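Asker: sequence plus predicted model, see below.
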Amino acid sequence: MGKRSSGEKRKQRGTGKGKESKDSQRGKKLKRQSSKPETYDLSAIEPAKSKLKIVSWNVNGLRSLLEKHKTEVTEYFTRENADIICMQETKVNEDATDEVEKDICSIASGYKFYWSCSSVKKGYAGTLIMSKVKPINVQTDDVLGMGDKEGRAILAEYKNVIVVNTYVPNSGLKLDRLDYRTTNWDPRLREKIVSLKETKPVIWCGDLNVAHGDIDVADWKKKRNKVPGFCDSERENFGRIVGGDGREITDEMRQKRTASIGRPGGDGSGFLDVWNHLNPEKVGYTFWSYRFNARGKNNGWRLDYFVVSEEFMQQVENLLIREEFWGPSDHVPVALLLKKGNTS
């Protein structure tokens, strides 16, 4: 075999490098995404015929959900057959609610709709309660009395219980809203539900944008005080409502980012985190990012909660995380099962 010229060598090396670079870029691009399932097996979801069921679900854009996944959502609504559905991050503008209601009514009947829409930005935030049980009273405007115009809370009062559906503000990738969230929103929310509890039992649910315990987020050592939803102040505020494991956070623990602080909080304010109460040592992620193959790696978070008044816990039958329905949204629905007759 004859020798290759230096030009041929340079050409071949250059081509190889170019090809390797393209492959590498393609691989990196694929790694940034999580493949959504092409099909969903929802056969394990069954209507609770003898129980009341309340669902909480961050839908990550309701119009998009219905447009892209209408068949799957139809099956889910049919199988779940929830009495009350609390949605967050609907991203529906007020002038589009009638159209969306018609769309939902074509696949799920019997619901009345109660909206809180953002008036500061189009296609942003927003909450919705769909209820087959008619509430006595509904508040959708500035529920916390703090001038909220982002549509982040709805209060529905029933005969025997008050349901509060919230989409708690995210502290921001640069933690630029951390102060607003922890010094304004969190205290006002706690004050509100504590005052409501004096009148009736309270069910507080939604995307609460916090992972309370170390067990509630994957790779917690890499995230503590660096990622929104896992800052000490956010976790402590949540612990002031539902209580914690009793461990005091020392100055040394605060300074050492990789120190475990468990579930911060003392005795709480008379509320219980239902999942943690029923499954104290069990991982129960409800959110996986679409990026970086988070679902494949199980790099998840527990951000979606049901919190109830302590005295109401005896009425709770179970709490189910619908992991099989990840993909239409980056959050999965969470279903609270109650003994029959506890709202109406």
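Answerer: That came through, no problem. Numbering: from 1, shown residues only.
Asker: export the strand ranked longest in the chain as PDB, just CAs?
Answerer: As assigned by DSSP state E, the longest strand anywhere in the chain is strand 51-58. Extracted as PDB, the C-alpha positions of strand 51-58 are listed here (Å, rounded to 0.1, in the frame of the first residue of the first chain):
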ATOM      1  CA  LYS A  51     -65.000   7.400  48.000                       C
ATOM      2  CA  LEU A  52     -64.700  11.100  47.200                       C
ATOM      3  CA  LYS A  53     -61.600  11.900  45.100                       C
ATOM      4  CA  ILE A  54     -59.800  15.200  44.700                       C
ATOM      5  CA  VAL A  55     -57.000  15.500  42.100                       C
ATOM      6  CA  SER A  56     -54.200  18.100  42.000                       C
ATOM      7  CA  TRP A  57     -52.300  18.500  38.800                       C
ATOM      8  CA  ASN A  58     -49.900  21.100  37.400                       C
END
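Asker: mind listing what it pairs with, with the direction of each?
Answerer: Neighbouring strands of strand 51-58 in its sheet, by DSSP bridges, are strand 84-88 (parallel), strand 334-339 (antiparallel).
Asker: and stretch 79-93, how far apart are its ends?
Answerer: 28 Å (C-alpha to C-alpha, to the nearest Å).
Asker: distance from that stretch to the middle of the chain?
Answerer: 12 Å (C-alpha atoms, centre = their mean, to the nearest Å).
Asker: same thing with stretch 239-256?
Answerer: Using C-alpha atoms, centre = their mean, the offset of stretch 239-256 from its chain centre is 23 Å.
Asker: before we move on, what about stretch 230-241?
Answerer: For stretch 230-241, the distance to the chain centre is 16 Å (C-alpha atoms, centre = their mean).
Asker: quick one: contacts of it?
Answerer: 171, 175, 178, 181-182, 186-187, 190, 193, 208-213, 217, 220, 223-225, 228, 249, 254, 261, 263-266, 268-269, 271, 307 (C-beta atoms under 8 Å, 6 or more residues apart in numbering). Where you see a C-beta, it was placed from the backbone N, CA and C, and this is true even at glycine.
Asker: residue ranges of the strands in the protein, please?
Answerer: With DSSP E as the criterion, the chain has strands at 51-58, 84-88, 112-116, 127-131, 137-139, 153-157, 162-167, 202-207, 271-273, 287-288, 300-301, 304-309, 316-321, 334-339.
Asker: show me the shaky parts of the stretch 151-300 of the chain.
Answerer: Within the stretch 151-300 of the chain, no range satisfies pLDDT under 70.
Asker: thinking again about what came up before, quick check on the contacts of stretch 230-241: which are buried?
Answerer: 171, 175, 178, 181-182, 186, 190, 193, 208-213, 217, 220, 223-224, 228, 249, 261, 263-265, 268-269, 271, 307 (16 or more other C-beta atoms under 10 Å).
Asker: select from those residues every entry located in helices.
Answerer: Among the buried ones among the contacts of stretch 230-241, the members found in helices (DSSP state H) are 178, 186, 190, 193, 220, 223.
Asker: apart from its chain neighbours, what residue comes closest to Leu189?
Answerer: Leu144 (6.0 Å; C-beta to C-beta, 6 or more residues apart in numbering).
Asker: likewise Lys297?
Answerer: Ala218 (7.7 Å).
Asker: excluding its backbone neighbours, what's nearest Val164?
Answerer: Trp204 (4.6 Å).
Asker: quick one, what contacts that neighbour?
Answerer: With the criterion set at C-beta under 8 Å, 6+ apart, Trp204 makes contact with 164, 166, 193, 271, 305-308.
Asker: nearest to Ser43, of these?
Answerer: Nearest to Ser43, judged by C-beta to C-beta, of the contacts of Trp204 is Phe306 at 24.0 Å.
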